[in-house]
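**Student:** here's my sequence, what's the structure:
(one chain, ligands or ions: 1)
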Amino acid sequence: MTELTLKPLFNFDEMTLPPRVGNGFTGKDILSVDQFDREKLKYIFARAHEMRELVQRVGSCELLRGNVVTCLFYEPSTRTSSSFIAATDRLGGRVIPITQGVQFSSVSKGETLADTIRTVEQYSDVIVLRHPEVGSAQVAADYSDIPVINAGDGAGEHPTQALLDLFTIREEMGRIDGLKIAMVGDLRYGRTVHSLTRLLTQYDVSLRFVSPEILRLPLNIMNTVIDAGLDVRETHDVADVIENADVLYVTRVQKERFVDLAQYEEVKNHYVITPELMQRAKEKMVVMHPLPRVGEIHYTLDDDPRAAYFRQVKNGMFIRMALLAAVLGKA
Ligand code: ASP
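**Tutor:** Below is the predicted model of the structure:
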């Protein structure tokens, strides 16, 4: 009897996932800005441009159709969480939003981060995590088989914010090299400052750090800046930098990181950027802020064309669209 050879219904070799894009991001975690060199930044910025065009022309697409993104936020968030949700939505994917405070999840029953991660990875393709502890994103990535994107680990890093900040600087000023960038406010606990400063060491920029004594930039980050050979200075007075700055990056004093609230009270209103102060600034420069602001930038400044913080917010969605597509290997 001749043996019947059945033709396979599917050729599984041909049924592999969509072509992997040679961007070096596919399947990778995004934990720190240290993962980005100028080549990778160029790639993400180019993709963010495409995303902007896509949104402007047609609003959304189906690139992430069939993909699920879990947004797991152990700390409050407005922009980061909603922009990741909007980014997924506009790319045609779905979100599991654990963003209304983990008090509604099993974390309130005492579940560990490791178990929560190993649970949500069963349902999703990417985990976006915000957590109050420095290093928590790395811990999550160690437990997860799917990409983890760090959406802020305590006073550590906030890499996706730094990417959108750098993108905004380039969009607004037309370049990054050669700029004078001043960071103002809580440089000690401000994770966005930490990430942006580290990214900027790849460029030829001058950095000015303006803070009260107790909120100075951590020494390890300052050493990275010095090792990179950048022109850098520290001051307590924003008046020292206002005339020359091309970018004024203002930050909130991070109340939630203070052990001694009396100390917070002492420094909380240290800097307020006002229209009067801005009269001394260059005509072509930008004021940025990762937001939320709690008094550091006067509302009367919002109509000043140099106030870029809401344009910065919008760029966040394009950058996060680009990142999601990149880690999921979608062209
Ligand atoms: N939204 C930013 C962050 O999550 C800045 C801030 O909260 O002050 O780090």
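
**Student:** going by C-alpha atoms from here, please, whenever you check contacts or count neighbours.
**Tutor:** Will do.

**Student:** find the residue closest to the residue in the stretch 1-150 of the chain positioned nearest to the ligand in space, skipping its chain neighbours.
**Tutor:** Of all residues in the stretch 1-150 of the chain, S77 sits closest to the ligand, at 6.6 Å by CA to the nearest ligand atom. Leaving aside its sequence neighbours, S77 sits nearest to T99 (CA to CA, 6 or more residues apart in numbering; 7.8 Å).

**Student:** what residues are up against the one you found?
**Tutor:** C71, L72, F73, Y74, P76, S77, S81 (CA atoms under 8 Å, 6 or more residues apart in numbering).

**Student:** so the residue of the stretch 1-150 of the chain closest to the ligand is in which element?
**Tutor:** Remark: S77 resides in no helix or strand, with elements defined by DSSP states H and E.

**Student:** if I look at it, how far off is Q56?
**Tutor:** According to CA to CA, to the nearest Å, S77 stands 26 Å off from Q56.

**Student:** more crowded one of these two?
**Tutor:** S77 (16 against 10; other CA atoms under 10 Å).

**Student:** so for that one, what's the pLDDT?
**Tutor:** S77 carries a pLDDT value of 94.

**Student:** what does it show for phi and psi?
**Tutor:** phi -160, psi 140 (degrees, to the nearest 10).

**Student:** mind listing the strands for the stretch 51-200 of the chain?
**Tutor:** Secondary structure of the stretch 51-200 of the chain (DSSP state E, counting those that start in this stretch): strands located at 68-73, 94-98, 126-131, 148-153, 180-184.

**Student:** just those strands: most buried one?
**Tutor:** Compared across these, strand 148-153 shows the largest average neighbour count, a mean of 28 (mean count of other CA atoms under 10 Å).

**Student:** between that one and strand 126-131, how big is the angle?
**Tutor:** Orientation note: strand 148-153 sits at an angle of 20 degrees relative to strand 126-131 (axes from the mean of the first three to the mean of the last three CA atoms, to 10 degrees).

**Student:** could you say what helices and strands strand 148-153 packs with?
**Tutor:** Packed against strand 148-153 by the contact rule (3 or more CA pairs under 8 Å, 6 or more residues apart in numbering; DSSP states H and E) you find strand 126-131, helix 136-143, helix 159-173.
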